[in-house]
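In: Sharing a model prediction with you, sequence too.
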Amino acid sequence: MSAARTASLSRATSESRVELELDLDGTGRSRIQTTVPFFDHMLTAFAKHSLTDLTVRAEGDTDIDAHHTVEDVSIVLGQAIREALGDKSGIARYGDALVPLDEALAQAVVDISGRPYLVHSGEPVGFEHHLIGGHFTGSLVRHSFEAISVHAALTVHVRVLGGRDPHHIAEAEYKAFARAFRQSKALDPLVEGIPSTKGAL
C-alpha cells in the first residue's frame with residue numbers, strides 16, 4: 001500500500017494566520033474558512049473537482065484588503081501540495097482540462113514538473129479591477145495561481161477562452177485548474193517510478 005499523500009501546515013505573519021490540511025487521495029470534502037467568502041467558494045470548488053480533501057482556517061487583515069489572506073493561503077496550499085506529493089513516484093504528471101461555466105470557458109494544463117512556472121492569459125480587459133463578492137478583486141485569481149504554482153513547483157498554463165461575467169470566469173479558471181491537477185496527481189498503475197527521464201521531478 002502506498003504512503004499517505006497528506007500534509008498539515010501553518011503560516012503566521014503580521015498580516016495573516018493560516019492552518020491547512022490536505023489529502024491528495026481524498027474525495028473532495030472540504031471545510032474552508034478564510035474570511036474571504038468568494039475565495040472560500042473557489043477553494044471549495046478546487047477541492048471538489050480535484051478530489052482533494054481540504055481544510056483551511058485563516059484570518060487576516062481583510063479590513064485593509066483581501067490580498068494578504070488570499071496570498072498567504074495560496075502559499076500554504078502550494079507548500080502542502082508539494083509536501084504531499086513526496087517524490088512523485090507513480091504519478092501521471094500531466095493534466096489538461098477545458099471547463100465551461102455558462103458563457104465562460106477556461107482551459108488549464110498542469111505539469112508536476114518541479115519547475116515553478118505560470119502562464120496566465122485571456123481574462124477580459126478590466127477583469128483585474130472587478131470586485132467579485134464584495135472585496136475579492138479579479139487580480140487575485142492570477143495572484144493565487146502564481147503563489148500555488150511557485151510553492152508547489154508546478155508548471156501551470158491557464159487560458160480564458162471566453163466569458164462575460166467575472167464570477168463565471170474566475171470559477172471556470174479554478175475548476176479547470178482543479179480538473180487538470182486531478183489528472184496530474186493521479187497515481188497511474190502503468191507508471192514505474194518517477195515519470196521523468198532525469199529520474200527526478
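Out: Thanks, I have the structure now.
In: Quick check: phi and psi on the residue nearest to D111 when sequence neighbours are not counted?
Out: Computed as CB to CB, 6 or more residues apart in numbering, the closest residue to D111 that is not its neighbour in sequence is T155, at 4.1 Å. Placement of C-beta: from N, CA and C, glycine included. Backbone geometry at T155, expressed as degrees, to the nearest 10, gives phi -90, psi 120.
In: Help me confirm that T155 comes into contact with S149.
Out: Yes: between T155 and S149 there is a contact under CB atoms under 8 Å: 7.4 Å.
In: intersection of neighbour lists for the two?
Out: Common contact partners of T155 and S149 (CB atoms under 8 Å, 6 or more residues apart in numbering): 116-118.
In: what's the burial count for D65?
Out: Neighbour count for D65, taken as other CB atoms under 10 Å: 15.
In: where's it, which helix or strand?
Out: Using DSSP states H and E, D65 sits within no helix or strand.
In: check contacts around it.
Out: Applying CB under 8 Å, 6+ apart, the residues near D65 are H135.
In: repeat for H120
Out: Contacts of H120 (CB under 8 Å, 6+ apart): 142, 145-146, 156-159.
In: S50 now?
Out: Counted by CB under 8 Å, 6+ apart, S50 has contacts 28, 178-179, 181-182, 185.
In: tell me the contacts of the nearest residue to it once chain neighbours are set aside?
Out: Setting aside the residues directly before and after it, S50 is nearest to A178 in space (CB to CB, 6+ apart), at 4.0 Å. Listed by CB under 8 Å, 6+ apart, the contact set of A178 reads 45-50, 52, 97.
In: still on that earlier bit, T155 and S149: who's more crowded?
Out: Taking neighbours as other CB under 10 Å, T155 and S149 compare with S149 leading, 25 against 18.
In: looking at it, that one is touching G78, isn't it?
Out: Yes: between S149 and G78 there is a contact under CB under 8 Å: 6.9 Å.
In: with the contacts of A178 in mind, which one is nearest to L24?
Out: The closest of the contacts of A178 to L24 turns out to be T52 (CB to CB; 5.7 Å).
In: burial count for the closest one?
Out: 27.
In: got it, and the one 10 residues further on?
Out: T62 has 19 neighbours, counted by other CB under 10 Å.
In: now the one 10 residues further on
Out: D72 has 21 neighbouring residues, counting by other CB under 10 Å.
In: unless I'm mixing things up, it is touching A58, no?
Out: Yes: D72 lies in contact with A58 (CB under 8 Å); the separation is 7.1 Å.
In: Could I get the full set of helices for this protein?
Out: 37-50, 67-85, 139-152, 166-185 (DSSP state H).
In: and of those helices, who's closest to V191?
Out: Between the helices of the chain, helix 166-185 lies closest to V191; by CB to CB that is 11.8 Å.
In: Right, I'll call it a day here.
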